[in-house]
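Trainee: Attaching a predicted model along with its sequence, questions to come.
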Amino acid sequence: MRYAVRAGKGLILLLCCAAVVIPFFGILATSLSDRAQVTEAGGFVLFPKRVTFAAYQAMLSGGVVTRAVLVSLLITGAGTLLSLTATALLAYGLSRRGTFGHRPLLMIVLFALLFTPGIIPSYLVVKDLGLLESYWSLILPGMINAFNVIVLRAFFMELPNEVLDSARVDGAGDFTILWRIVLPLSRAALAVIGLFYAVAYWNSFFAALLYLNDSTMWPLQLVLRTYVVNPNQLGVDQVGVSGAELPPQEAIQMAILVLSILPILLVYPFVQRHFAKGVLIGAVKG
(Lines give C-alpha, C1' and ligand atoms only; values in the text may rest on other atoms or scores of the structure.)
Protein backbone atom coordinates (compact mmCIF):
# COMPACT_ATOMS: atom_id res chain seq x y z
CA MET A 1 0.00 0.00 0.00
CA ARG A 2 2.83 2.35 0.86
CA TYR A 3 4.49 1.80 -2.52
CA ALA A 4 1.19 2.41 -4.30
CA VAL A 5 0.82 5.76 -2.52
CA ARG A 6 4.36 6.74 -3.41
CA ALA A 7 3.79 5.71 -7.02
CA GLY A 8 0.59 7.77 -7.12
CA LYS A 9 2.38 10.82 -5.75
CA GLY A 10 5.14 10.35 -8.28
CA LEU A 11 2.61 10.10 -11.10
CA ILE A 12 0.83 13.26 -9.98
CA LEU A 13 4.16 15.09 -9.74
CA LEU A 14 5.11 13.85 -13.21
CA LEU A 15 1.81 15.08 -14.66
CA CYS A 16 2.28 18.49 -13.02
CA CYS A 17 5.79 18.76 -14.46
CA ALA A 18 4.52 17.72 -17.89
CA ALA A 19 1.77 20.36 -17.72
CA VAL A 20 4.48 23.00 -17.25
CA VAL A 21 7.25 21.67 -19.49
CA ILE A 22 5.22 20.60 -22.56
CA PRO A 23 3.63 24.04 -23.25
CA PHE A 24 6.99 25.75 -22.77
CA PHE A 25 8.68 23.25 -25.08
CA GLY A 26 5.93 23.87 -27.63
CA ILE A 27 6.51 27.62 -27.44
CA LEU A 28 10.23 27.14 -28.03
CA ALA A 29 9.63 24.62 -30.85
CA THR A 30 7.14 26.90 -32.60
CA SER A 31 9.58 29.81 -32.48
CA LEU A 32 12.18 27.60 -34.21
CA SER A 33 9.85 26.36 -36.97
CA ASP A 34 9.29 27.61 -40.51
CA ARG A 35 6.00 28.54 -42.13
CA ALA A 36 5.32 25.07 -43.55
CA GLN A 37 5.69 23.34 -40.18
CA VAL A 38 3.57 25.92 -38.37
CA THR A 39 0.82 25.64 -40.97
CA GLU A 40 0.93 21.84 -40.91
CA ALA A 41 0.73 21.75 -37.09
CA GLY A 42 -2.12 24.25 -36.96
CA GLY A 43 -0.11 27.04 -35.31
CA PHE A 44 1.55 25.13 -32.45
CA VAL A 45 4.55 22.89 -33.20
CA LEU A 46 5.64 20.40 -30.57
CA PHE A 47 8.41 18.54 -32.41
CA PRO A 48 10.02 20.60 -35.19
CA LYS A 49 11.45 18.65 -38.13
CA ARG A 50 13.61 21.56 -39.31
CA VAL A 51 15.07 24.19 -37.00
CA THR A 52 15.30 27.77 -38.21
CA PHE A 53 16.15 31.00 -36.40
CA ALA A 54 14.32 33.19 -38.92
CA ALA A 55 11.80 34.36 -36.32
CA TYR A 56 14.56 35.52 -33.96
CA GLN A 57 16.44 37.22 -36.79
CA ALA A 58 13.30 39.02 -37.92
CA MET A 59 12.42 39.97 -34.35
CA LEU A 60 15.84 41.48 -33.58
CA SER A 61 16.62 43.05 -36.94
CA GLY A 62 13.93 45.74 -36.89
CA GLY A 63 15.09 47.39 -33.66
CA VAL A 64 11.68 47.50 -31.95
CA VAL A 65 12.20 44.43 -29.77
CA THR A 66 15.87 45.22 -29.11
CA ARG A 67 14.97 48.70 -27.87
CA ALA A 68 12.13 47.27 -25.79
CA VAL A 69 14.50 44.77 -24.17
CA LEU A 70 16.87 47.58 -23.19
CA VAL A 71 13.95 49.60 -21.78
CA SER A 72 12.75 46.60 -19.75
CA LEU A 73 16.26 45.96 -18.42
CA LEU A 74 16.59 49.62 -17.42
CA ILE A 75 13.23 49.71 -15.66
CA THR A 76 13.78 46.36 -13.95
CA GLY A 77 17.29 47.19 -12.76
CA ALA A 78 16.56 50.70 -11.52
CA GLY A 79 13.15 49.78 -10.11
CA THR A 80 14.42 46.73 -8.23
CA LEU A 81 17.30 48.69 -6.70
CA LEU A 82 15.08 51.57 -5.60
CA SER A 83 12.35 49.25 -4.34
CA LEU A 84 14.77 47.13 -2.33
CA THR A 85 16.33 50.24 -0.78
CA ALA A 86 13.00 51.82 0.16
CA THR A 87 11.52 48.53 1.40
CA ALA A 88 14.55 47.72 3.54
CA LEU A 89 14.58 51.18 5.13
CA LEU A 90 10.86 51.13 5.85
CA ALA A 91 10.85 47.53 7.10
CA TYR A 92 13.81 48.17 9.41
CA GLY A 93 12.15 51.24 10.87
CA LEU A 94 8.90 49.35 11.46
CA SER A 95 10.78 46.43 13.04
CA ARG A 96 12.23 48.64 15.79
CA ARG A 97 9.52 49.26 18.36
CA GLY A 98 9.42 52.72 19.85
CA THR A 99 10.65 54.53 16.76
CA PHE A 100 8.95 57.78 15.73
CA GLY A 101 5.62 57.16 14.00
CA HIS A 102 5.96 53.39 14.33
CA ARG A 103 2.31 52.49 14.82
CA PRO A 104 0.76 55.03 12.36
CA LEU A 105 3.19 53.97 9.63
CA LEU A 106 2.50 50.31 10.33
CA MET A 107 -1.24 50.94 10.08
CA ILE A 108 -0.72 52.74 6.77
CA VAL A 109 1.23 49.78 5.40
CA LEU A 110 -1.43 47.32 6.56
CA PHE A 111 -4.14 49.51 5.06
CA ALA A 112 -2.27 49.57 1.74
CA LEU A 113 -2.02 45.79 1.92
CA LEU A 114 -5.78 45.40 2.24
CA PHE A 115 -6.98 48.23 -0.01
CA THR A 116 -5.46 49.22 -3.35
CA PRO A 117 -6.32 52.36 -5.34
CA GLY A 118 -8.25 52.12 -8.58
CA ILE A 119 -7.01 52.87 -12.06
CA ILE A 120 -8.49 56.36 -12.29
CA PRO A 121 -7.08 57.68 -8.96
CA SER A 122 -3.67 56.22 -9.81
CA TYR A 123 -3.72 57.83 -13.25
CA LEU A 124 -4.74 61.21 -11.82
CA VAL A 125 -1.94 61.11 -9.24
CA VAL A 126 0.65 60.21 -11.89
CA LYS A 127 -0.69 62.96 -14.15
CA ASP A 128 -0.66 65.61 -11.40
CA LEU A 129 2.93 64.70 -10.53
CA GLY A 130 3.95 65.25 -14.14
CA LEU A 131 5.13 61.67 -14.64
CA LEU A 132 3.24 60.92 -17.86
CA GLU A 133 5.51 59.96 -20.78
CA SER A 134 8.28 59.24 -18.27
CA TYR A 135 9.88 56.02 -17.13
CA TRP A 136 9.37 57.17 -13.55
CA SER A 137 5.66 56.46 -14.01
CA LEU A 138 6.56 52.77 -14.30
CA ILE A 139 8.74 52.77 -11.16
CA LEU A 140 7.50 55.20 -8.52
CA PRO A 141 3.81 54.13 -8.22
CA GLY A 142 4.77 50.55 -7.38
CA MET A 143 8.12 51.16 -5.73
CA ILE A 144 7.00 49.86 -2.31
CA ASN A 145 4.90 46.74 -2.01
CA ALA A 146 3.11 46.40 1.33
CA PHE A 147 3.36 42.59 1.36
CA ASN A 148 7.12 42.72 0.83
CA VAL A 149 7.45 45.27 3.64
CA ILE A 150 5.56 43.02 6.05
CA VAL A 151 7.64 39.96 5.12
CA LEU A 152 10.95 41.82 5.44
CA ARG A 153 9.86 43.47 8.70
CA ALA A 154 9.04 40.07 10.18
CA PHE A 155 12.44 38.78 9.06
CA PHE A 156 14.21 41.75 10.69
CA MET A 157 12.32 41.11 13.92
CA GLU A 158 13.70 37.53 13.95
CA LEU A 159 17.28 38.82 14.18
CA PRO A 160 18.84 38.51 17.67
CA ASN A 161 18.47 41.75 19.61
CA GLU A 162 21.68 41.02 21.50
CA VAL A 163 23.76 41.57 18.36
CA LEU A 164 22.04 44.85 17.58
CA ASP A 165 22.26 46.06 21.16
CA SER A 166 25.97 45.26 21.37
CA ALA A 167 26.59 47.27 18.21
CA ARG A 168 24.63 50.18 19.64
CA VAL A 169 26.67 50.02 22.85
CA ASP A 170 29.82 50.24 20.73
CA GLY A 171 28.54 53.52 19.28
CA ALA A 172 27.01 52.35 16.02
CA GLY A 173 24.06 54.32 14.70
CA ASP A 174 20.93 53.01 13.05
CA PHE A 175 22.27 53.28 9.51
CA THR A 176 25.53 51.59 10.50
CA ILE A 177 23.65 48.74 12.17
CA LEU A 178 21.41 48.37 9.15
CA TRP A 179 24.27 48.42 6.63
CA ARG A 180 26.86 46.33 8.46
CA ILE A 181 24.76 43.90 10.52
CA VAL A 182 21.11 43.68 9.48
CA LEU A 183 21.50 43.57 5.70
CA PRO A 184 24.35 41.00 5.64
CA LEU A 185 22.28 38.73 7.92
CA SER A 186 19.22 39.15 5.67
CA ARG A 187 20.67 38.20 2.30
CA ALA A 188 18.21 35.34 1.84
CA ALA A 189 15.16 37.53 2.45
CA LEU A 190 16.57 40.35 0.34
CA ALA A 191 17.23 37.95 -2.54
CA VAL A 192 13.63 36.74 -2.47
CA ILE A 193 12.15 40.23 -2.15
CA GLY A 194 14.45 41.44 -4.92
CA LEU A 195 13.25 38.62 -7.18
CA PHE A 196 9.63 39.52 -6.41
CA TYR A 197 10.25 43.12 -7.42
CA ALA A 198 12.28 42.17 -10.50
CA VAL A 199 9.59 39.82 -11.78
CA ALA A 200 6.90 42.44 -11.16
CA TYR A 201 8.82 45.15 -13.03
CA TRP A 202 9.83 42.82 -15.86
CA ASN A 203 6.31 41.47 -16.45
CA SER A 204 4.49 44.78 -16.04
CA PHE A 205 2.83 46.15 -19.17
CA PHE A 206 -0.39 47.76 -17.94
CA ALA A 207 1.34 50.78 -16.40
CA ALA A 208 3.16 51.44 -19.67
CA LEU A 209 -0.12 51.06 -21.53
CA LEU A 210 -1.67 53.76 -19.31
CA TYR A 211 1.17 56.24 -18.99
CA LEU A 212 3.25 55.93 -22.18
CA ASN A 213 1.81 56.94 -25.55
CA ASP A 214 5.19 56.99 -27.30
CA SER A 215 5.75 53.47 -28.68
CA THR A 216 9.52 54.01 -28.73
CA MET A 217 9.45 54.02 -24.91
CA TRP A 218 7.49 50.80 -24.54
CA PRO A 219 8.96 47.92 -22.53
CA LEU A 220 9.18 44.41 -23.92
CA GLN A 221 5.99 43.09 -22.34
CA LEU A 222 3.88 45.83 -23.91
CA VAL A 223 5.47 45.14 -27.30
CA LEU A 224 4.63 41.46 -26.86
CA ARG A 225 1.07 42.28 -25.81
CA THR A 226 0.63 44.64 -28.76
CA TYR A 227 1.95 42.11 -31.24
CA VAL A 228 -0.38 39.40 -29.90
CA VAL A 229 -3.48 41.63 -29.76
CA ASN A 230 -2.78 43.79 -32.82
CA PRO A 231 0.06 42.29 -34.90
CA ASN A 232 -0.45 44.83 -37.70
CA GLN A 233 0.78 47.58 -35.36
CA LEU A 234 4.25 45.98 -35.46
CA GLY A 235 4.33 45.33 -39.14
CA VAL A 236 6.83 44.27 -41.75
CA ASP A 237 8.70 47.55 -41.74
CA GLN A 238 9.44 47.22 -38.02
CA VAL A 239 10.66 43.62 -37.98
CA GLY A 240 13.15 44.41 -40.71
CA VAL A 241 12.50 41.83 -43.47
CA SER A 242 10.47 41.78 -46.65
CA GLY A 243 6.99 40.32 -46.79
CA ALA A 244 8.12 37.26 -48.74
CA GLU A 245 10.76 36.43 -46.15
CA LEU A 246 8.66 37.25 -43.11
CA PRO A 247 8.33 34.21 -40.78
CA PRO A 248 4.85 33.14 -39.68
CA GLN A 249 3.17 35.37 -37.14
CA GLU A 250 2.94 32.51 -34.63
CA ALA A 251 6.70 31.92 -34.76
CA ILE A 252 7.48 35.61 -34.14
CA GLN A 253 4.99 35.74 -31.26
CA MET A 254 6.58 32.68 -29.65
CA ALA A 255 10.08 34.09 -30.21
CA ILE A 256 9.15 37.32 -28.42
CA LEU A 257 7.58 35.26 -25.64
CA VAL A 258 10.75 33.17 -25.24
CA LEU A 259 12.84 36.32 -25.09
CA SER A 260 10.53 37.84 -22.48
CA ILE A 261 10.78 34.91 -20.06
CA LEU A 262 14.45 34.03 -20.64
CA PRO A 263 15.96 36.54 -18.12
CA ILE A 264 13.74 35.27 -15.30
CA LEU A 265 14.64 31.66 -16.12
CA LEU A 266 18.33 32.56 -15.96
CA VAL A 267 18.07 34.40 -12.64
CA TYR A 268 15.65 32.10 -10.82
CA PRO A 269 18.02 29.10 -10.24
CA PHE A 270 20.42 31.34 -8.33
CA VAL A 271 17.66 32.65 -6.03
CA GLN A 272 15.49 29.55 -5.69
CA ARG A 273 17.52 28.12 -2.80
CA HIS A 274 16.70 31.21 -0.72
CA PHE A 275 12.91 30.89 -1.03
CA ALA A 276 12.24 28.54 1.89
CA LYS A 277 14.47 30.47 4.28
CA GLY A 278 13.67 33.93 2.99
CA VAL A 279 9.88 33.69 2.84
CA LEU A 280 8.86 31.09 5.43
CA ILE A 281 10.97 32.49 8.28
CA GLY A 282 9.70 35.98 7.53
CA ALA A 283 6.09 34.85 7.36
CA VAL A 284 5.78 32.58 10.39
CA LYS A 285 5.69 35.28 13.07
CA GLY A 286 4.58 38.19 10.86
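Mentor: Sure thing, it's come through. Worth saying up front: this structure is predicted, and the values here are computed from it rather than measured. Numbering: from 1, shown residues only.

Trainee: Which pLDDT value belongs to Leu234?
Mentor: Leu234 is assigned 53 on the pLDDT scale.

Trainee: ranges for the helices of the stretch 101-250 of the chain?
Mentor: 102-114, 119-128, 146-158, 161-169, 174-177, 183-185, 187-203, 206-211, 220-229, 236-239, 249-271 (DSSP state H, counting those that start in this stretch).

Trainee: quick check: angle from the first one to helix 146-158?
Mentor: Meaning helix 102-114. 140 degrees (axes from the mean of the first three to the mean of the last three CA atoms, to 10 degrees).

Trainee: who does helix 102-114 touch, helix- and strand-wise?
Mentor: Helices and strands touching helix 102-114, by 3 or more CB pairs under 8 Å, 6 or more residues apart in numbering; DSSP states H and E, are helix 64-95, helix 146-158. C-betas here are computed from N, CA, C, even on glycine.

Trainee: Any chance you could list what contacts it?
Mentor: Helix 102-114 is contacted by residues Leu90, Gly93, Leu94, Arg96, Ala146, Phe147, Val149, Ile150 when judged by CB atoms under 8 Å, 6 or more residues apart in numbering.

Trainee: again, only using 7 Å
Mentor: Leu94, Ala146, Phe147, Val149, Ile150 (CB atoms under 7 Å, 6 or more residues apart in numbering).

Trainee: ok, now which ones touch the second one?
Mentor: Okay, so that is Ala146. Here Ala146 is in contact with Val109, Ala112, Leu113 (CB under 7 Å, 6+ apart).

Trainee: Let me know the pLDDT of it.
Mentor: 91.

Trainee: same thing with the one 3 residues further on?
Mentor: The pLDDT attached to Val149 in the predicted structure is 92.

Trainee: any idea how far it is from Phe196?
Mentor: Val149 sits at a distance of 11 Å from Phe196 (criterion: CB to CB, to the nearest Å).

Trainee: which of these two has more neighbours?
Mentor: The neighbour comparison of Val149 against Phe196 (other CB atoms under 10 Å) goes to Val149, with 24 against 21.

Trainee: Distance of that one relative to Ser83?
Mentor: Val149 sits 10 Å away from Ser83 when distances are taken as CB to CB.

Trainee: And for Asp214?
Mentor: From Asp214 to Ser83 the distance is 24 Å (CB to CB).

Trainee: Between the two, which has more neighbouring residues?
Mentor: A direct count of neighbours by other CB under 10 Å for Asp214 and Ser83 places Ser83 higher, at 24 against 7.

Trainee: and the residue lying closest to the more buried one once chain neighbours are set aside, how many residues sit next to it?
Mentor: Leaving out its chain neighbours, the residue that sits closest to Ser83 by CB to CB, 6 or more residues apart in numbering is Tyr197, at 4.4 Å. For Tyr197, the neighbour count with other CB under 10 Å is 23.
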